[in-house]
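>>> take this sequence and fold it.
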Amino acid sequence: MAEGNILVIDDELVMCEFLRDLLEDRGYAVKFSLSGEEGIKEFQNGHFDAVVCDLKMPDIDGIDVLQEIKRT
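The predicted structure follows:
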């Protein structure tokens, strides 16, 4: 059974895959999104215990993503 559900939001696929592999090895269930907007939608449609978010993304700033998630 997974330790918890984590959403990774980063515009770099390599970073998403790295964090997914690292966290899954430690027992977490991980989903990732490659844009801020996609990450917000994923969060709204799922249940996550934690979010790991890049701060600088081309579509929306990571701080804005986290503020929107907090409002949800």
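
>>> what's the spacing between the nearest residue to Gly36 once chain neighbours are set aside and Asp25?
Leaving aside its chain neighbours, Gly36 sits nearest to Ile60 (3.4 Å; criterion: C-beta to C-beta, 6 or more residues apart in numbering). Using the backbone N, CA and C atoms, a C-beta is placed for each residue, glycine as well. Ile60 sits 29 Å away from Asp25, going by C-beta to C-beta, to the nearest Å.

>>> list the buried residues for the helix or strand where Ile6 lies?
Assigned by DSSP states H and E, Ile6 belongs to strand 5-9. For strand 5-9, burial by neighbour count (16 or more other C-beta atoms under 10 Å) applies to Ile6, Leu7, Val8, Ile9.

>>> same question, stretch 62-72
In stretch 62-72, counting by 16+ other C-beta under 10 Å, buried: Gly62, Val65, Leu66, Glu68, Ile69.

>>> so the last one touches Val51, yeah?
Yes: judged on C-beta atoms under 8 Å, Ile69 makes contact with Val51 at a distance of 6.1 Å.

>>> which residues are common contacts for the two?
Common contacts of Ile69 and Val51 (C-beta atoms under 8 Å, 6 or more residues apart in numbering): Gly39, Phe43.

>>> what residue ranges in the chain score low on pLDDT?
Across the chain, the ranges flagged by pLDDT under 70 are 1-2.

>>> show me where it has strands.
For the chain, the strands defined by DSSP state E cover 5-9, 29-33, 50-53.

>>> can I get the CA coordinates of the last one in PDB?
Provided in PDB are the C-alpha atoms of strand 50-53 (Å, rounded to 0.1, in the frame of the first residue of the first chain):
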ATOM      1  CA  ALA A  50       1.400  16.500  -1.200                       C
ATOM      2  CA  VAL A  51       2.300  18.600  -4.200                       C
ATOM      3  CA  VAL A  52       5.900  19.200  -5.500                       C
ATOM      4  CA  CYS A  53       5.900  22.100  -7.900                       C
END
